Structures are given as structure tokens and as C-alpha cells.
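Chemist: Quick one, fold the following:
(one chain, ligands or ions: 1)
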Amino acid sequence: MTYPKIPLAQQVIQLCAAKGIAHVVISPGSRNAPLTIGFASHPEIKTYSIVDERCAAFFALGIAQELQQPVAVVCTSGSALLNYYPAIAEAYYSKIPLVVISADRPKHLIDVGDGQTIRQENVFEKHILFTANLAQDIEDNNERFSGGETIPSFILEKLLDINEARIDENQEQINRAINIAIENNGPVHINAPFAEPLYETQDSFTEEVTVIAQEERGDVFDQEPLNTFLEDWGSAKKRMVIIGVNSPNKIEQEFLNYLGNDSATIVFTESTSNTHHSNFFPGIDKIIAPLSDKEFTELQPDVLLTIGGLIVSKKIKVFLRNYKPKAHYHLGEDKAFDTFFCLKHHFRVSENSFFKELCFSNTVVESNYQKEWLSVKKNREEKHKGYLRELPFSDFKAFETILNTLPNTIVLHLSNSSTIRYIQLFDSNPNIVQYCNRGTSGIDGSTSTAIGHAAVSEKQNVLITGDLSFFYDSNALWNTNIPKNFRIIVINNSGGGIFRILPGDKNTKNFETYFETSHSLTAEHLCKMYGVDYSATSDDNSLKDELNSFFTASDSPKLLEVFTPRTVNDMLLIGYFKHLVD
Ligand SMILES: Cc1ncc(C[n+]2csc(CCOP(=O)(O)OP(=O)(O)O)c2C)c(N)n1
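Modeler: Numbers count the residues shown, from 1 in each chain. As a prediction, this is how the structure comes out:
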């Protein structure tokens, strides 16, 4: 084994391993050499090398998303670290334990004209759960204190005392950072200053570390809010549940069935909720987009329970802000958002233990709420099928064809923004788990996240992405860890199709230049450069042909580029929403 001599680097590496960090994504640099050398040598840690830090951090996020474990990223000093920011913000809002470790210069070398140096301490302040600004080991600091000269013994003794205290403090800070990432599901930053020499190694760790255990979170119910909830819920004839981003199998099916079989309850689900029941209402926009004021009043719930992470549908947010329920409760162990400005209480407990309490309470009421809206749902389904039967080739049609062809066994990744919105209009296949970076809804890391997820997944992973999102994150393909069975489908509508769909004005001056950013790029050359099999299609029949063999085993990952008509797509979608009420 080859481990760094620098005690602080030894502490960081050993504590990461002891806390179960088994995957570390490293970007190249010199200041981080002590960490790189040690992590790469550690028998319990798998390391990945990715040059672009933005991609590296999203790749790590994908690993953490699949394994539900903390994953670390390691980079050098300077702007390298700032490139982690998009993924840190995504991890912050999507509640993913990302442990960011940056190497830094010693404090006295900051802002004195040294290269590759910025102010790294607390640099992610607004979107980080905790920052451990570590102190440099004094023993290691021959740059400042010895400068090649012998230090008088009385000074050396003092320095060693200070050093002892620093080592303890560093240890406490590293423990705390990793514990917080695990306990609270989110990003943390460990900033570690190292002085030269950076590359000196030894065969084993000599620095002893103390592991501080993280707190186990128990499900503790506050009886009073639970009683209030049961009263609100029990007396409501119109109960609404919305399930946002949620990991598969998190909520026991028994409880989902309980909700699905309650005649007073409507459960709206998004495709990223990964929850299913025949009485649920997937495709929120399909149900509510065409509603009149009178119908909105009929749909307005007495009580609302939200579960899981962020909600994609803008329409439901507008609806519930205008037609507020009497009370909104949120359920889940992580942070709650007051999305509808009427949040009454957040049950910070696991969904399953909450539903156990609910199922034991007798809250059955007579209600037609679900029945009436199920008939609206049925009607919309028929209209949906009729419209798609006649639909010319377009984004919408391509999504239908692709969704009908996806194998049952895959994990599906979706980019922002119209991709995830189109997908929501279709019923999800219950066998297919779906993910999308909805924390910040960025177009900057979808491919990297999907590849990270795929790298540790036993299943085949498929990404469906828009063209801007794909080209934005094309460095994601600069990665030697892409599984051969990984598949990318680029819906290339020659620009940001979402801007034609959003209620902005397409006649705005320079719409195509500054909003849609239309282009004629194709993914072909990138595929050639990165060794990805490439094929393209621009009509429904050839799309079906391509999809026939697209998912079967291959020697390289594959990308299918689907060209759709830029100026027609939006008209067809607008026509769809009109057709739903005709
Ligand atoms: C990093 C970042 N920059 C800008 C945006 C704003 N934005 C949202 S969607 C979008 C266009 C996406 O275009 P594309 O990937 O081609 O998908 P389409 O809308 O055509 O399906 C942009 C620029 C964003 N979400 N994230």
C-alpha cells in the first residue's frame, strides 16, 4: 500500500473509509496528491478518475443516488472546486449525501499571488449542510515554520502542543461533516490545506483516528400534530396526496394500496415518484390543465398531504396556490417545502411508520371524490390515445414510440426540461424506475448523473435527453466507466424546445437566438470521438426499426439521435391540451 505521509490526509482518508465511503471520484491536480495517492491505494475504496470536476461531481451524485450511500469527490485547489457547485446545489435540494473534499494551500499562501489559489473556505456557504475548514498540520508545515532552518526547541514544543489540538479539532470536524451528510442526506464540504512536499509516501497509516458514530434517527411522533392531522384527515371528504421525487420501494405497497383504495383520496403521482396503483392519478397536467374555475373548486382538497421531494408539475403548484387546502402536511425525513404557502406541519418520520399510524386510525368517510375524478381520468385517457393515434412525427410522438419499446428491466434517466414534462403525460411502466435531476432542474449534469448511476447499477440504464442538455454535458462521455449496455436517446429538436412550449412569446425579438438557441449540431462526431455507437432517425418507422435492436447487448455504449421538427413540436402539444376538452 502507498499512503501519504501528511497526517491530515491520512485522517481524511481513514475516516472516509471508516464511515463507509466506498466510492471516491478524483479529478487530477497536484495539491490533492496526498488524498489521491491514499484513496487510490485503499483496499476498501473504489476510485474513479474524471478530469472535468462538474462532470465528476454529477457522476458521484449518480452513484450516491443508486447506492443511497455517501460518495466523495476530491479535487485540487482553485477554480477546480467551483466546478462542483452545480452538483452540490442539486445534491442540496435533492437530498443526496455528497462529500466534497478539496485540497487547499496553507492559509498564509492565500491571496499573496500564488497560482491556482482562491478563497475556498465556506465557498458553498448557501447550499451546503456543513463545511469543515480544516487546519493544516504544523508538523507538515516546513514551508512556513522551518524554512530550512532549525526551530528552537522551546518554540517547537509549543508548536507540537498546538498541533495536537489541531489534529483533534480536525478529526472532530471530519467526523462531523461525514455524519451530517449521512444523517441529513445532503452535501458537505471538507477543505484540507496541505503544504509541500505533497508526494511523499509510506507503506501504512501512522495517524490514529477516532470514529464518532452518527446519530440514528428514530421515528418520534409528536402526538399533538398527529392528532390534529388525524382530525383534519378524518373529517375531510376531499383528501389529496401528491408524491414527488421518491426512491423506488421506499413506501410499502400495502400503504400505497391503502391510499389507492380510499374513496375520499386522490393520489397525484409524478413519474419520478416511482409509486403505482390503478386508482392513482399519474399525468397531473393531463388531468388539471383543461379545468375550468368551477372544476378547480370541485377538485380543491380539504386536506393535502405531500410526500417525497420536489414536484415537477407547474400547473399543480398554481392550482393549489390559488385553491388552497385548509391544511397542508408534509411527510418525510428530509426538509419540507412550503410550496403552497399553507404548510401546517412536517412529519419528519419515515413514510412507512406514518402510514402504520394512519392505517390503525379509523378515518373512513363516505365520499365520491375519487370516483368522480377517476371518471375524468378515464375520459382523458381515451382522448390521449385518440390524439396520439393521429399525431405526426414530433417530440410527442417520439416519446410515445420510445416508451412503448423500453425493456421492462431498465433504469430510466430523464433530462430537463421538456423531456421530463412529456414523460409525465404518459402512464409509467411500474417496472421501470425513473430519475431526473429535479433538485435545481439544471441541464448541466443529466448525462453525468445517469452514467454515475449506471456505473454501479446491475441493470441497464437508459437516458432520454434534449439536445441542449446533451451538448451542455457532453464531457460526461469523457469517462472510462461507462457500461457497455448504457444507452442515450437524444431528442434533437435543434434547440431548447421547452421555450416554445412555455407561455412566453415566440415572437419576442431574437427568440431563436437568445431563448430557443436554435442550432444544427448533431451528436455524431462526439460519439465517434468517445467510442459510442451512433445511429440517427427522423421518422416514426425508422425510429421503431432502430429501437428494435437498440437495447440488446453490445461492445460499446450506444446513442440514438432522434431529429424532430423544431417549429412543429409546440403546436402539436398545444393542440393536445385543446383536444383533451373538445
Ligand atoms: C444549467 C442550466 N442552464 C439553463 C437552464 C434553463 N433551461 C431550462 S430547459 C433549457 C433548454 C433545454 O433544451 P433541451 O435540452 O434541448 O431540451 P428540450 O427543451 O428541447 O426538450 C434551458 C436552457 C437550466 N435549466 N439549467
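Chemist: Need phi/psi at the residue of the chain found nearest the ligand.
Modeler: Residue nearest to the ligand within the chain: Gly466 (2.1 Å; CB to the nearest ligand atom). All C-beta spots, glycine's among them, are computed from the backbone N, C-alpha and C. Backbone geometry at Gly466, expressed as degrees, to the nearest 10, gives phi -80, psi 170.
Chemist: secondary structure class for Asn431?
Modeler: Following DSSP: H, G, I helix; E, B strand; the rest coil, Asn431 is assigned to coil.
Chemist: ok, it - contacts?
Modeler: Asn408, Thr409 (CB atoms under 8 Å, 6 or more residues apart in numbering).
Chemist: What strand or helix carries Phe229?
Modeler: helix 223-235 (DSSP states H and E).
Chemist: what does that helix rub up against?
Modeler: Residues from elsewhere that reach helix 223-235 (CB under 8 Å, 6+ apart): 239, 302-303, 305, 326-327, 329, 344-345, 347, 357-358, 361-363, 365.
Chemist: repeat that with 6 Å
Modeler: Val303, Ala327, Tyr329, His345, Ser361, Thr363 (CB atoms under 6 Å, 6 or more residues apart in numbering).
Chemist: The closest residue to Asp473 other than its chain neighbours - how many residues pack around it?
Modeler: Spatial nearest neighbour of Asp473, excluding adjacent residues (CB to CB, 6 or more residues apart in numbering): Thr447 at 4.3 Å. Look at Thr447: counted by other CB atoms under 10 Å, it has 31 neighbours.
Chemist: Surely Thr447 is within a helix?
Modeler: Yes. Under three-state DSSP, Thr447 falls within a helix.
Chemist: which regions of this protein sit below the pLDDT cut-off?
Modeler: 139-150 (pLDDT under 70).
Chemist: Quick one: name the residues of it near the ligand.
Modeler: Applying CB under 6 Å from any ligand atom, we find that the chain lies next to the ligand at 415-419, 441-444, 466-469, 493, 496-498.
Chemist: Show me just the buried residues among these.
Modeler: For those, a burial check counting by 16 or more other CB atoms under 10 Å picks out 415-419, 442-444, 466-469, 493, 496-498.
Chemist: Mind checking which of those residues land in helices?
Modeler: Ser418, Thr419, Asp467, Leu468, Ser469, Ile498 (DSSP state H).
Chemist: possible to save those as CSV with distance to Lys371?
Modeler: Below are those laid out as CSV (distance: CB to CB, whole Å):
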residue, distance to Lys371
Ser418, 33
Thr419, 33
Asp467, 43
Leu468, 43
Ser469, 40
Ile498, 35
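Chemist: where along the stretch 101-250 of the chain do the strands fall?
Modeler: Here the stretch 101-250 of the chain has its strands, by DSSP state E, counting those that start in this stretch, at 130-133, 188-193, 201-202, 239-243.
Chemist: Tell me the secondary structure at Ala64.
Modeler: Ala64 - assigned by three-state DSSP - is helix.
Chemist: State the distance from it to Tyr387.
Modeler: Relative to Tyr387, Ala64 is positioned 39 Å away (CB to CB, to the nearest Å).
Chemist: So these two - more neighbours on which side?
Modeler: Ala64 (28 against 18).
Chemist: Looks to me like Val74 is in a helix.
Modeler: No. Counting by three-state DSSP, one finds Val74 to be strand, located in no helix.
Chemist: Could you check how far it is from His189?
Modeler: 12 Å.
Chemist: Check Gly442 too.
Modeler: 19 Å.
Chemist: Leu98 too?
Modeler: On the measure of CB to CB, Leu98 and His189 end up 9 Å apart.
Chemist: Next, give phi and psi for the spatially most central residue of the chain.
Modeler: Geometric centre of the chain, nearest residue: Asn437, 4.1 Å, by CA atoms, centre = their mean. Dihedral angles phi and psi of Asn437 (degrees, to the nearest 10) take the values phi -70, psi 80.
Chemist: which residues touch it?
Modeler: Glu90, Ser446, Thr449.
Chemist: By neighbour count, which of those wins?
Modeler: Thr449 (34 neighbours).
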